[in-house]
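Student: Here's my sequence, what's the structure:
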Amino acid sequence: MENVTFAPSEFILDCLNHSDHRSLITMFLFVGFLLLLLITLTTNLLILFLVLLDHRLNTPMYFFFCNLSILDILTATSIIPKLLVVLSGHDKTISFAACFGQMYFIVSFGSTENYLVAAMAYDWYIAVVKPLHYNVIINFKKCMLIMMIVWILGFLIPLVFLILAINLPYCASNRIMHCFCDYPSVISLACADITDHVNGSFGVALIAIYVPLLFVLWTYVRIIISVLKLKSTASLAKAFSMCSSHMTVVLMYYVASSVVYAGLKIEGISYDGRIFIGGLNYFLMPMVNPMIYSLRNEKMKEAAQRYIHLKFLFPQNAKNSIKGKVKVLPKNGITSST
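Tutor: Reported below is the predicted structural model:
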């Protein structure tokens, strides 16, 4: 009997329905993802707020930080709100257009962040290896050009595979064995032979991941060579401290991305395993990035202490400042403002 193809109007997100103790797991996941979303939004919005307020943070490095925070916010909001609805049991369906839209944005945000990490590595490379020429090489026009390339590549490359995937014929089943519209889970519902499609997607994904990774590794080799030439112990410590947070994020991000796309070629991965792998890359990284990368920066800490302090103590400071500005002249009793 031939498989019946159809144009599905909606998919069903079958999130952990196959697991034992489903109710207990779902409750913990709902609370956990809600907290994850709140932390991600709070920390990344804090970075954008501080860079916007503090003119001393209007430099290329913090410009890249802002773009990273925007991507983290977009990644989290493209997945978690719908995921919370699914986990609550209120509505597990997602329309065909919304599913492919979510899938496209997830892959696009991930690809864009992949290129952004490489751009940030280039920024660190110029700052450490060619510090005297930094302001000439990394100027405002260069930053805008880099970010345009990063965002265009991030959104353009996945578009090809979205078009190919959306035109695949789908079988009678519209049940996605995942908590969101994950690319491998969605195309697995197609009736046609998707071997060439998977191989092509996997090949492009490897290029998109490992070409920037090789560039990042090259920049760090140059950075390490340059740093080792420094004679001052304090300079060595400062240089390695500058790069340690970026290196941590790079390793975490590229490893997580590699595992996600390696899942395209590994058929034996369980549903729970795919959900865990997807969660590591799409849920954890947007929360971890600002904590490891941006908020550990000394200037960012100083800006946070300054503006958060003024926010909470503004009434008291304003009162004290008014008192301090009004002085009484002892001879004639006339008051003056200074």
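
Student: per-residue pLDDT, the residue nearest the centre of the chain?
Tutor: Computing the C-alpha centroid of the chain and ranking residues by CA atoms, centre = their mean puts residue 72 first, at 3.1 Å. Residue 72 is assigned a predicted lDDT (pLDDT) of 90.

Student: can you check residue 189 too?
Tutor: On the pLDDT scale, residue 189 gets 86.

Student: excluding its backbone neighbours, what's nearest residue 78?
Tutor: Leaving aside its chain neighbours, residue 78 sits nearest to residue 105 (4.7 Å; criterion: CB to CB, 6 or more residues apart in numbering). C-betas here are computed from N, CA, C, even on glycine.

Student: That neighbour sits in which helix or strand?
Tutor: Using DSSP states H and E, residue 105 sits in helix 96-129.

Student: What are the contacting residues of the following helix or strand past that helix?
Tutor: Using DSSP H and E, the helix or strand that directly follows helix 96-129 along the chain is helix 134-137. Helix 134-137 is contacted from outside by 126, 127, 130, using CB atoms under 8 Å, 6 or more residues apart in numbering.

Student: just curious, which of those residues is nearest to residue 210?
Tutor: Taking CB to CB as the measure, residue 126 is the one of these closest to residue 210, at 22.7 Å.

Student: Now residue 93: phi and psi?
Tutor: phi -100, psi 150 (degrees, to the nearest 10).

Student: Enumerate the beta-bridge partners assigned to the nearest residue to it once chain neighbours are set aside.
Tutor: In this structure, residue 93 finds its nearest non-sequential neighbour in residue 10, 4.8 Å apart by CB to CB, 6+ apart. Residue 10 has these beta-bridge partners by DSSP bridges: residue 95.

Student: Does residue 47 touch residue 69 like I think?
Tutor: Yes: the pair residue 47 and residue 69 qualifies as a contact (CB atoms under 8 Å) at a distance of 4.6 Å.

Student: between the two, which one's more packed in?
Tutor: Higher neighbour count among residue 47 and residue 69: residue 47, with 27 against 24, using other CB atoms under 10 Å.

Student: does the more buried one sit in a helix or strand, and which one?
Tutor: helix 22-53.

Student: Help me confirm that the residue nearest to residue 78 comes into contact with residue 76.
Tutor: No: Residue 105 is not in contact with residue 76 according to CB under 8 Å; the separation is 11.5 Å.

Student: ok so, going back, and the helix or strand where the residue nearest to the centre of the chain lies, which residues are buried?
Tutor: Assigned by DSSP H and E, residue 72 belongs to helix 60-88. Residues 60-80, 82-87 are the ones in helix 60-88 that count as buried (16 or more other CB atoms under 10 Å).

Student: from the chain's centre, how far out does that helix sit?
Tutor: 6 Å (CA atoms, centre = their mean, to the nearest Å).

Student: which helices and strands sit right next to that helix?
Tutor: Applying 3 or more CB pairs under 8 Å, 6 or more residues apart in numbering; DSSP states H and E, one finds that helix 60-88 makes contact with helix 22-53, helix 96-129, helix 140-166, helix 285-289, helix 298-325.

Student: Which parts of the one helix or strand residue 214 maps to count as buried, going by neighbours?
Tutor: In this assignment (DSSP H and E), residue 214 forms part of helix 195-228. The neighbour-count check on helix 195-228 (16+ other CB under 10 Å) flags 197-198, 201-202, 204-205, 208-209, 212-213, 215-216, 219-220, 223, 227 as buried.

Student: between those residues, which is closest to residue 303?
Tutor: residue 223 (25.6 Å).

Student: Just the pLDDT for the residue lying closest to the closest one once chain neighbours are set aside.
Tutor: Among residues not flanking residue 223 along the chain, residue 128 sits closest, at 4.9 Å (CB to CB, 6+ apart). At residue 128, the model reports a pLDDT of 82.

Student: Use 25 as the first number for this chain going forward.
Tutor: Got it, first residue is 25 now, which makes that one residue 152.

Student: I'd like the distance from residue 152 to residue 246, if you could.
Tutor: 8 Å (CB to CB, to the nearest Å).
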